[in-house]
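**Q** fold the stuff below for me.
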Amino acid sequence: MLGSWAYSRNNGTSGGNSGSGSGFDLDDWLGNRGPLDRDITHIVNLAGVNQLPWRFRLGFNFSYATAPPFSAFGGAYDFNGDGTTDDLLPGTTVNAFNRGLGRAELESLVTQFKPNLRRQG
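**A** Residues are numbered from 1 along each chain as shown. From the prediction side, this is the model:
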């Protein structure tokens, strides 16, 4: 039997999941610092082999990884006025969900944003 666990952080400056496009703020280049979209905080592996009758061996391998962070984008809107679209949902930072913000916060921010969307559109 063998088990392993890894704890890691992968932080940096990111423009979102598609490079320097979505969520990037031209007025605040360092505003996109945070967890990268490939930041997997916990990774657990368990493996083992059991000897069975008639010289058979039964092996298993189990792997688990936490969900990566993600950013919520507001479609084709320029929320921060820098001339680019696909900005982060107001009230969030890059890849904040699954790293401090969860489902309840996402639902709350979307609910707050919907009335503003109707006024803009």
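
**Q** name the strands paired with the host helix or strand of Asn45 and say parallel or antiparallel.
**A** Taking DSSP states H and E as the definition, one finds Asn45 inside strand 42-51. Partners of strand 42-51 in the sheet, by DSSP bridges, are strand 2-7 (antiparallel), strand 57-65 (antiparallel).

**Q** how about a markdown table for those strands, with mean pLDDT added?
**A** Listed next are those as a markdown table, based on pLDDT from 0 to 100:
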| stretch | mean pLDDT |
| --- | --- |
| strand 2-7 | 93 |
| strand 57-65 | 95 |
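
**Q** out of the ones you listed, nearest to Thr92?
**A** Among those, the nearest to Thr92 by CB to CB is strand 57-65 (23.2 Å). No exception for glycine: its C-beta is placed from N, CA and C like everyone else's.

**Q** partners of Asn45 in the sheet?
**A** Ser4, Ser63.

**Q** could you dump the strands paired with strand 42-51 to TSV with mean neighbour count?
**A** Shown next, in TSV, are the strands paired with strand 42-51 (neighbours: other CB atoms under 10 Å):
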stretch	mean neighbour count
strand 2-7	10
strand 57-65	10
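
**Q** reformat these as JSON lines; add distance to Arg103.
**A** Converted to JSON lines, the strands paired with strand 42-51 look like this (distance: least, CB to CB, whole Å):
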{"stretch": "strand 2-7", "distance to Arg103": "23"}
{"stretch": "strand 57-65", "distance to Arg103": "19"}
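
**Q** helices of this structure, start to end?
**A** 103-120 (DSSP state H).

**Q** thinking again about what came up before, between the strands paired with strand 42-51, which one is closest to Phe113.
**A** strand 57-65 (30.5 Å).

**Q** so, low pLDDT: which residues of this structure?
**A** 14-31, 114-121 (pLDDT under 70).

**Q** apply 50 and report the result again.
**A** 16-21, 118-121 (pLDDT under 50).

**Q** residue with max distance from the center of it?
**A** Centroid-distance maximum for the chain: Trp54 at 47.9 Å, with CA atoms, centre = their mean.

**Q** how near is the residue nearest in space to the middle of the chain to Asp37?
**A** Centroid-nearest residue in the chain, with CA atoms, centre = their mean: Pro69, separated by 1.5 Å. In this view, Pro69 and Asp37 are 7 Å apart by CB to CB, to the nearest Å.
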